[in-house]
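Colleague: need a 3D model of the following:
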Amino acid sequence: MGAKIERTGMKRGKDGESLDRLLADEFVLSMRTRDAHRNVHGRNLIELRKLFKVQYESMDTIVADLGTRMRTSGVLPPSILADFLPITRLSRHNERFTKQNQIIEALLDDHESIIDALRNDGSTAPREHIDAGTAGFVTGLLGRHEKMALALKDWLR
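Modeller: This next block holds a predicted model:
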């Protein structure tokens, strides 16, 4: 008989909603970074596209791993765009950016929003229903977003 890895009976509550929102934020930012990769133009185009590709691939991995982590914790993650858009904490960027700095600043704002949310959720959200593996995973995302934000800041210098 194999080891039991799935937790059952986890209450959705505030912790489940926090994970839903985090998943929505990660997915939306991944799509925005893909859009930036496709639409950026100007000087240093090749290097900037490489950076965006590395970042959206990293976020795609985060989305997949977070969904798996949620299922392992007994929470069924949202899985369609219609579920993500109403709950994302990322501000709406309704304009079409045409300058590199506008694109980079918008992505940086999104990373900083996720960083703030991770810091706030990590320090104030109740954790009685979140297992140590999920808490550690979510904490690890903070460093990943800080690193991606720093790379974007470097482009603006």
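
Colleague: please identify the buried residues of the helix or strand residue 102 falls within?
Modeller: Using DSSP states H and E, residue 102 falls within helix 100-124. Buried residues in helix 100-124, counting neighbours by 16 or more other C-beta atoms under 10 Å, are found at 100, 103-108, 110-111, 113-115, 117-118, 121. The C-beta positions use only the backbone N, C-alpha and C, and glycine is treated the same way.

Colleague: what lies in contact with it?
Modeller: By C-beta atoms under 8 Å, 6 or more residues apart in numbering, the list of residues contacting helix 100-124 from outside reads 18, 21-22, 25-26, 28-29, 32-33, 36, 39-44, 48, 55, 89-91, 93, 97, 135, 138-139, 141-142, 145-146, 148-149, 152-153, 155-156.

Colleague: so which of the residues you listed sit within helices?
Modeller: 18, 21-22, 25-26, 28-29, 32-33, 36, 39, 48, 55, 135, 138-139, 141-142, 145-146, 148-149, 152-153, 155-156 (DSSP state H).

Colleague: let's check: the centremost residue of this structure is which one?
Modeller: Among the residues of the chain, the one closest to the centroid is residue 26, at 2.3 Å (C-alpha atoms, centre = their mean).

Colleague: skip the chain neighbours and tell me the closest residue to residue 83.
Modeller: Distances taken as C-beta to C-beta, 6 or more residues apart in numbering put residue 24 closest to residue 83, at 7.3 Å, once the chain neighbours are dropped.

Colleague: follow-up on the earlier one: quick one: buried ones out of the contacts of helix 100-124?
Modeller: 18, 21-22, 25-26, 28-29, 32-33, 36, 40, 48, 55, 90, 93, 97, 138, 141-142, 145, 148-149, 152, 155.

Colleague: so where's this protein shaky on pLDDT?
Modeller: 1-16, 93-96, 122-130 (pLDDT under 70).
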